[in-house]
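Q: Predicted model and sequence follow; I will ask about them next.
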Amino acid sequence: MLELNFTQTLGNHTLTLNETLPASGITAIFGVSGAGKTSLINAISGLTRPQSGRIVLNDRVLNDVENKIYLSPDKRRIGYVFQDARLFPHYSVRGNLRYGMAKSMAGQFDKLVRLLGIEPLLDRLPSSLSGGEKQRVAIGRALLTAPELLLLDEPLASLDIPRKRELLPYLQRLAREINIPMLYVSHSLDEILHLADKVLVLEEGSVKAFGNLEEVWGSSVMHPWLPKEQQSSILKVSVLEHHPHYAMTALALGDQHLWVNKIDKPLQSALRIRIQASDVSLVLQPPLQTSIRNILRAKVAECFDDNGQVEVKLEVGSRTLWARISPWARDELGIKPGLWLYAQIKSVSITA
């Protein structure tokens, strides 16, 4: 576990944390520029020092201001990947990877190289690599130091869209196959959606929300960050059954289910789905005959006006589902908190 209980002031910016982050999976650190994202991971890495409080990683005290404990960055066993790869220009890729490699990782070198897809690059110099290739090498170098925690400070920020698309699958693969917790700094909703298990939202140096991706994404805190066309819900589901006659798969959502285009995954497989708010319509009674396959019983939690539309937050069991309707529909149906109704879902996209 990573225990963060500290205050740090740099210039006019103050960062205050009192959170415990998991020692597994990817936790995204999200917020606009100046929110405190990089300041947070710099404090964790030891590049900056808090004025008060403590930082503890897996029961090892990294910082304790009151007891005058401070571990230097090289003793923290934390890997750090910057926006720019910062490779040694005079070393080959192989030399960069082996620089600082822990003895315990010698047997993992070939596996990690394959996992990152950098086998063909080993004898090349950094100057001959694309931006995405450089970042893969930088990630490999950080992992070969055998860190207990990997920090990634917007590793895709300096890449163009094709290079970002090139690197994302490698990061997803790392998350599945490498048992090292990661803190992933980003202001990109798309990156967070594809990579994060948990999300910590920072605003002006303080935590506005922290929890599982699907919980934070569906919260009112996150809602203002999403552009109107991206207002959506993220739901964690599992494969329930495959239709015997049609290319459709049923996904379990609590005690209800959703039909989607066939997914080539075994039964009980866990995955995430994304449902756009504009693809959810509301009815007071279940329709008798309809082409829409997904009709879920739901309860209205809240609703509010937003630029001429009405955003409706629904509770489907313990999950949150957002719908976008017109003020006319709200008034005609009498939509208000506490009302039970049915949500019709026209389409579902699979995100993971």
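A: Yep, that arrived.

Q: contacts for the host helix or strand of Lys236?
A: Here Lys236, judged by DSSP states H and E, is contained in strand 232-242. The contact list for strand 232-242 (CB atoms under 8 Å, 6 or more residues apart in numbering) reads 193, 212-214, 217-218, 226, 248-253, 257-258, 262-263, 265-277, 319-322, 351. Just so you know, the C-beta spots here come from the backbone N, C-alpha and C atoms, and that holds for glycine as well.

Q: Using CSV, list the CA coordinates for it.
A: The C-alpha coordinates for strand 232-242 follow below in CSV (Å, rounded to 0.1, in the frame of the first residue of the first chain):
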residue,chain,number,x,y,z
SER,A,232,-21.2,8.3,-20.6
SER,A,233,-21.2,5.5,-18.0
ILE,A,234,-18.6,2.9,-17.4
LEU,A,235,-19.9,-0.4,-16.0
LYS,A,236,-18.0,-3.5,-14.9
VAL,A,237,-19.7,-6.6,-16.1
SER,A,238,-19.0,-10.3,-16.8
VAL,A,239,-19.8,-12.6,-19.7
LEU,A,240,-23.0,-14.5,-18.8
GLU,A,241,-23.8,-16.5,-21.9
HIS,A,242,-23.5,-16.6,-25.7
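
Q: What strands line up against the strand of greatest length in the chain, and which way round?
A: Scanning the chain for the strand with the most residues, using DSSP state E, yields strand 294-306. Under the criterion DSSP bridges, strand 294-306 sits next to strand 309-316 (antiparallel), strand 340-345 (antiparallel) in its sheet.

Q: Quick check: pLDDT value at Gly46.
A: Gly46 is assigned 94 on the pLDDT scale.

Q: Pairing partners for the strand holding Lys236, with directions?
A: Strand 232-242 is paired, per DSSP bridges, with strand 248-253 (antiparallel), strand 270-276 (antiparallel).

Q: Now His194. Its backbone dihedrals?
A: When read as degrees, to the nearest 10, the backbone of His194 gives phi -90, psi -20.

Q: Okay, it and Leu251: tell me how far apart.
A: 19 Å (CB to CB, to the nearest Å).

Q: try Gly205
A: Counting by CB to CB - Gly205 and Leu251 are separated by 39 Å.

Q: For Thr27, list each beta-bridge partner.
A: Leu183, Lys198.

Q: can you pull the contacts of it?
A: Counting by CB under 8 Å, 6+ apart, Thr27 has contacts Leu21, Pro181, Met182, Leu183, Tyr184, Ala196, Asp197, Lys198, Val199, Leu200.

Q: picking up where we left off before, would you mind finding the most buried of the strands paired with strand 294-306?
A: strand 309-316 (a mean of 20; mean count of other CB atoms under 10 Å).

Q: could you give the mean pLDDT of that one?
A: On average, strand 309-316 scores 93.

Q: now do stretch 332-344
A: Rounded mean pLDDT across stretch 332-344 is 96.

Q: Dump the C-alpha coordinates for that stretch into CSV.
A: The C-alpha trace of stretch 332-344 is given here as CSV (Å, rounded to 0.1, in the frame of the first residue of the first chain):
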residue,chain,number,x,y,z
GLU,A,332,-44.0,14.8,-19.8
LEU,A,333,-42.7,11.7,-18.0
GLY,A,334,-42.4,13.5,-14.6
ILE,A,335,-38.8,12.5,-14.2
LYS,A,336,-37.6,13.3,-10.7
PRO,A,337,-35.4,11.8,-8.0
GLY,A,338,-36.9,8.6,-6.5
LEU,A,339,-38.9,7.7,-9.6
TRP,A,340,-38.7,4.0,-10.8
LEU,A,341,-38.6,3.6,-14.5
TYR,A,342,-37.0,1.6,-17.3
ALA,A,343,-33.8,2.5,-19.3
GLN,A,344,-33.6,1.4,-22.9
